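Engineer: Sequence isn't available, so here's the structure alone:
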């Protein structure tokens, strides 16, 4: 049954979320995002088989002239907002984030697109890269492990909705099959800009303490992940991304 689109719950670069009856309606900003909508629905169907706390998709289609998904509504506020409102929650929020990320990386998943070819394409498209650096990063990428673990691709505290211990992981369109170290490096890069290097460092320290990865494993991916993000049209991050890309 169709519902009236209710108040906006949140927004990001690619999409907005609205109340929609007992569910949430995710509307993509680009009205031509049909393949993106159905692609994320397919990804969530695959991820849902792993028993992770993710929203189930109930419908996919056009709504008010845009493509979108009707999904389970995540409980509460983003983990980032909760920790900002109550700094005493920050340690528990970081531990919850690490626990969820480890749970994702514990799953083997080969049905999703592999990460390394996607990174290679973004490296080729990235503006502002010195030609020699671009070729060096592409060569380095070929030497790094491919991996077959589930990777979220956009894992940060604003995509974890709800209090520590009862949160849901949202926004899965960038999910791939790949190495956990690359996914952790991606989170680190995103958090350095969105939350500051101190919080990003704290997250990385906790993840490494709870996993078998080393700091060197993560650092090996950082220049590639940073350079690839340049292709995502984030000019406000370019200076920091280029600094990381140069290593």
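Structural biologist: Structure received. Quick caveat, the model's predicted, so the values are computed rather than measured. Residues are numbered from 1 along each chain as shown.
Engineer: Low-confidence bits of this protein, can you list those?
Structural biologist: Applying pLDDT under 70 to the chain flags residues 1-2.
Engineer: For it, which segments count as helices?
Structural biologist: Counting by DSSP state H, the chain has helices at residues 34-48, 79-85, 90-105, 115-125, 131-143, 180-194, 197-210, 215-219, 222-229, 238-245.
Engineer: can you tell me which of those helices comes nearest to residue 65?
Structural biologist: helix 34-48 (12.2 Å; Cβ to Cβ). Quick note: C-beta positions are derived from backbone N, CA and C, even for glycine.
Engineer: which secondary structure elements does that closest one contact?
Structural biologist: Other elements packing on helix 34-48 under the criterion 3 or more Cβ pairs under 8 Å, 6 or more residues apart in numbering; DSSP states H and E are strand 57-63, strand 66-72.
Engineer: Need those strands in TSV (columns: distance to residue 177).
Structural biologist: As requested, the helices and strands packed on helix 34-48 are exported to TSV (distance: least, Cβ to Cβ, whole Å):
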stretch	distance to residue 177
strand 57-63	20
strand 66-72	22
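Engineer: Tell me which of the ones you listed is the most buried.
Structural biologist: Compared across the helices and strands packed on helix 34-48, strand 66-72 shows the largest average neighbour count, a mean of 22 (mean count of other Cβ atoms under 10 Å).
Engineer: what angle separates that one from strand 57-63?
Structural biologist: Interaxial angle of strand 66-72 relative to strand 57-63 (axes from the mean of the first three to the mean of the last three Cα atoms, to 10 degrees): 160 degrees.
Engineer: how far off helix 34-48 does strand 66-72 point, in degrees?
Structural biologist: 20 degrees.
Engineer: Next, name the residue at the spatial heart of this protein.
Structural biologist: Centroid check for the chain by Cα atoms, centre = their mean gives residue 154 as the closest residue, at 0.9 Å.
Engineer: Enumerate every residue touching residue 187.
Structural biologist: Contact analysis of residue 187 by Cβ atoms under 8 Å, 6 or more residues apart in numbering lists 101, 155, 156, 203.
Engineer: ok, residue 54 touching residue 167?
Structural biologist: No: with contacts defined as Cβ atoms under 8 Å, residue 54 does not count as touching residue 167, sitting 10.6 Å away.
Engineer: Residue 5 against residue 68, yeah?
Structural biologist: No: using Cβ under 8 Å, residue 5 is not in contact with residue 68, being 9.3 Å away.
Engineer: what's the overlap in contacts for the two?
Structural biologist: Any residue near both residue 5 and residue 68 by Cβ under 8 Å, 6+ apart counts here, and that gives residue 25.
Engineer: what's near enough to touch the closest residue to residue 227 other than its chain neighbours?
Structural biologist: Among residues not flanking residue 227 along the chain, residue 245 sits closest, at 3.9 Å (Cβ to Cβ, 6 or more residues apart in numbering). Going by Cβ under 8 Å, 6+ apart, residue 245 touches 129, 133, 137, 223, 226, 227, 230.
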